[in-house]
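Visitor: Sequence plus the predicted model coming up.
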Amino acid sequence: MSFIPTLTFDLHLHSCLSPCGSEDNTPANLAGMCALAGIEAAALTDHNTVGNCAAFCEAAARYGVIALPGMELTTAEEVHVVCVFGELDAARAFEAEVFRRLPPLDNDPRAFGPQVKMDSGDAVLGEERRMLSAATSIGIYEVPGLVAGLGGACWPAHIDRPSFSLISNLGLWDPELGFSFAEVSRACPPGFLDRPDLKGLPVFTASDAHYLDQIMDACQQVALPEKNPAALLNWLKRPDFNAFRPLSP
C-alpha cells in the first residue's frame with residue numbers, strides 16, 4: 001500500500017505589519033511558533049499587504065515550515081478574504097492592485113497601531129505609511145478572478161464571526177461568488193453550518209493569530225501527493241475535501 005503524506009496547516013496568520021497585530025508577531029517568531037505547534041505549512045496574511053511575506057518565508061524555511069505568501073483582503077463590502085499565492089512575485093502583483101484600490105489615507109499608529117516591516121532576522125526595516133485597515137474598492141465578486149489570474153487561491157475568512165465576515169455583512173452564501181470553500185474560526189458556534197445556504201459547504205479553520213499565544217497546536221491536516229508549497233496551493237485551487245481531516249484535540 002502506497003504512503004500518502006499528510007500536512008498540518010494554518011493559513012491565516014498576522015504579523016506586526018497588521019495594525020492590530022502584536023509587536024511580538026515578528027516573522028521569525030511566527031515561524032518558530034508554528035514549528036513548536038506542529039504546524040507544517042502556514043500562510044502569512046496581513047491586512048491588505050504582503051510586505052512581511054518575504055521575511056516570513058525565509059524564516060519559515062529555517063524552521064522547516066512550508067510557507068505561502070498571502071494577505072487578508074478587505075473588500076468594498078468590508079468582508080475579509082484570505083488570498084494566497086505560490087510565488088512572492090504573484091503576491092506582490094496582487095498587493096500592487098490592492099494598494100491602487102485602497103483609499104489615500106495615512107495610518108495613525110496611535111489610533112490603529114503601528115505597521116512594522118521586518119526582515120527575516122526581525123530587524124525593523126520601517127513602517128508602512130498606508131492605512132492597511134481600510135476597505136479597498138475591490139468588490140467581493142471580483143476577488144476570485146483577480147486571485148486566480150495570478151495563480152493564487154482565495155476563500156472567505158471566519159464566516160461565523162459577527163463582523164468582517166461574508167455572512168455577517170452580506171447575509172447569506174451566494175454560490176455565484178465563485179468560492180469553493182470557506183474558513184471558520186476555532187470557536188465556530190455549534191449548528192452554524194446547518195443553515196440552508198451553508199449546508200454541505202466545505203470548511204477548514206485557522207488561528208487568525210494576532211498574538212503568538214493564539215497559535216495553537218495543529219488541529220487539521222490534508223493528504224497531498226507531495227509535501228511542498230505547490231502541492232498545497234494546487235489543493236487549495238482545486239480542493240478535494242476527502243483528503244482533509246480534522247485532528248482530535
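Guide: Looks like it came in fine. Numbering: from 1, shown residues only.

Visitor: just the helices in the chain please.
Guide: In the chain, the helices defined using DSSP state H lie at 27-36, 53-63, 88-100, 109-112, 143-148, 166-170, 229-237.

Visitor: which residues touch the shortest one?
Guide: Taking C-beta atoms under 8 Å, 6 or more residues apart in numbering as the criterion, the residues outside helix 109-112 that touch it are 19, 20, 115, 127, 131, 133. The way it works is simple: take the backbone N, C-alpha and C, and place the C-beta from them, glycine included.

Visitor: lowest confidence element among the helices and strands of this protein?
Guide: Sorting the helices and strands of the chain by mean pLDDT, DSSP states H and E puts helix 109-112 at the bottom, at a mean of 92.

Visitor: Please point out which parts of it sit buried.
Guide: For helix 109-112, burial by neighbour count (16 or more other C-beta atoms under 10 Å) applies to no residue.

Visitor: re the thing from before, output the helices of the chain as TSV; include the columns distance to residue 198.
Guide: Compiled in TSV, these are given as follows (distance: least, C-beta to C-beta, whole Å):
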stretch	distance to residue 198
helix 27-36	29
helix 53-63	31
helix 88-100	27
helix 109-112	32
helix 143-148	18
helix 166-170	8
helix 229-237	20
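
Visitor: Kindly supply the PyMOL command isolating those of the contacts of helix 109-112 that are buried.
Guide: To isolate the buried ones among the contacts of helix 109-112 in PyMOL, judged by 16+ other C-beta under 10 Å, type:
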select buried, resi 19+115+131+133
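
Visitor: just the contacts of helix 109-112 now: which is nearest residue 77?
Guide: Checking the contacts of helix 109-112 against residue 77 with C-beta to C-beta, the nearest one is residue 133 at 15.4 Å.

Visitor: can you pull the pLDDT of the closest one?
Guide: Note for residue 133: predicted pLDDT of 96.

Visitor: what's the spacing between it and residue 112?
Guide: Noted for residue 133: a distance of 5 Å to residue 112, by C-beta to C-beta, to the nearest Å.

Visitor: same check, this time on residue 207
Guide: Relative to residue 112, residue 207 is positioned 22 Å away (C-beta to C-beta).

Visitor: Next: residue 199.
Guide: Relative to residue 112, residue 199 is positioned 38 Å away (C-beta to C-beta).

Visitor: How about residue 43?
Guide: Using C-beta to C-beta, residue 43 is found at 23 Å from residue 112.

Visitor: now do residue 10
Guide: 25 Å.

Visitor: Repeat that for residue 13.
Guide: Computed with C-beta to C-beta, the distance linking residue 13 and residue 112 is 19 Å.

Visitor: Repeat that for residue 78.
Guide: Between residue 78 and residue 112 the distance is 15 Å, computed by C-beta to C-beta.

Visitor: How about residue 35?
Guide: Distance from residue 35 to residue 112, by C-beta to C-beta: 30 Å.

Visitor: Would you mind listing where the protein has pLDDT under the threshold?
Guide: For the chain, applying pLDDT under 70 flags the ranges 1-3, 249.

Visitor: residue ranges of the strands in it, please?
Guide: Along the chain, the segments classed as strands by DSSP state E run 6-13, 41-47, 66-74, 80-84, 116-118, 124-127, 153-156, 182-184, 203-205, 220-223, 244-246.

Visitor: most packed of those strands?
Guide: When you average the neighbours per residue for each of these (mean count of other C-beta atoms under 10 Å), strand 41-47 leads with a mean of 28.

Visitor: Could you check the angle it makes with strand 80-84?
Guide: Interaxial angle, strand 41-47 versus strand 80-84 (axes from the mean of the first three to the mean of the last three C-alpha atoms, to 10 degrees): 130 degrees.

Visitor: And strand 41-47, what does it pack against?
Guide: On a contact count with 3 or more C-beta pairs under 8 Å, 6 or more residues apart in numbering; DSSP states H and E, strand 41-47 meets strand 6-13, helix 27-36, helix 53-63, strand 66-74, strand 80-84.
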